[in-house]
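Novice: predicted model, plus sequence, below.
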Amino acid sequence: MKLSKLIFLFVLCFSLTSCYEKLDFDQLDNYVYEPIFTSSLTSFTLVPGQFFNSQGVQENSIVDETRFEIFEANIVKDNVVQLDFYAEIKNEFDRDVTINIDFLDDNDREIYTFSTINVRSGELNFTYLEEIEISQNPDIVNVTKVKIEASLENTGTQMNPNSTEEFEFKSSVTAYIQTKL
């Protein structure tokens, strides 16, 4: 019984005499909140038959346009410091494919053009990353659309429109935010 009283007194004494430091709420003024958001951007799968028009003539490019809504939130638009564009591409076609990507505003004016992506025929695990520093590209916050053009290498021979080969494109955007509380 004496041992349990002694332990109780020791714990009580320890908890009542613990150290503390005066709270400094000014530390919050210097705190920078740095969330990172990743979102799927666009994806599509193409087969050779999609490159043929209604007359059966092969076209060598297809354009996909997607809304880009990340900057509709003011907290992102006002505090983004970097965007990372990431793409995974699978090219089963028997020819190379070139990808051109543009960020556009509401008036279809080019705000940012990515480096051309060249994907070799048969490349099944191609990845691409482009980092965009907002301080060097301040107009990027006006982007509302993404235009992606996939162009086939012109080999002089027509593709088989019934082929089941696929070209698959998946992309995402990561936004890095810095804001004070």
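Specialist: Received it, and whenever you're ready, just let me know what you need.
Novice: C-alpha from now on. contacts and neighbour counts both.
Specialist: Will do.
Novice: what average pLDDT does stretch 161-181 get?
Specialist: Here stretch 161-181 scores 91 as its mean pLDDT.
Novice: tell me which residues in that stretch are buried?
Specialist: Of the residues in stretch 161-181, 161, 165, 167-178 count as buried by neighbour count, 16 or more other CA atoms under 10 Å.
Novice: ditto for stretch 49-65
Specialist: Within stretch 49-65, the residues that count as buried by 16+ other CA under 10 Å are 49, 51-52, 58, 61.
Novice: check contacts around residue 141.
Specialist: Contacts were defined as CA atoms under 8 Å, 6 or more residues apart in numbering; by that measure residue 141 touches 71, 77.
Novice: in three-state terms, label it for me.
Specialist: helix (DSSP: H, G, I helix; E, B strand; the rest coil).
Novice: related to what we said a few turns ago, go through the buried residues of stretch 161-181 and flag which are in strands.
Specialist: 167-177 (DSSP state E).
Novice: out of the buried residues of stretch 161-181, flag the one nearest to residue 153.
Specialist: residue 167 (13.2 Å; CA to CA).
Novice: surely that closest one meets residue 88?
Specialist: No. Between residue 167 and residue 88 there is no contact under CA atoms under 8 Å: 10.8 Å.
Novice: which stretches of the chain have low pLDDT?
Specialist: Applying pLDDT under 70 to the chain flags residues 1-2, 6, 10, 12-21, 23-25, 27-28, 181.
Novice: and the strands in the chain?
Specialist: Using DSSP E, strands in the chain cover 32-33, 36-46, 61-67, 80-91, 97-104, 110-113, 117-119, 126-133, 145-152, 167-177, 179-180.
Novice: returning to that earlier point: including distance to residue 148, could the buried residues of stretch 49-65 go into a markdown table?
Specialist: Below are the buried residues of stretch 49-65 laid out as a markdown table (distance: CA to CA, whole Å):
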| residue | distance to residue 148 |
| --- | --- |
| 49 | 19 |
| 51 | 15 |
| 52 | 18 |
| 58 | 19 |
| 61 | 10 |
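Novice: quick check, nearest of those to residue 68?
Specialist: Taking the buried residues of stretch 49-65 together and measuring to residue 68 by CA to CA, the closest member is residue 61, at 22.0 Å.
Novice: where's the residue lying closest to the closest one once chain neighbours are set aside relative to residue 48, distance?
Specialist: Residue nearest to residue 61 in three dimensions, not counting chain neighbours: residue 151, with 4.1 Å by CA to CA, 6 or more residues apart in numbering. Note on residue 151: its distance to residue 48, by CA to CA, to the nearest Å, is 12 Å.
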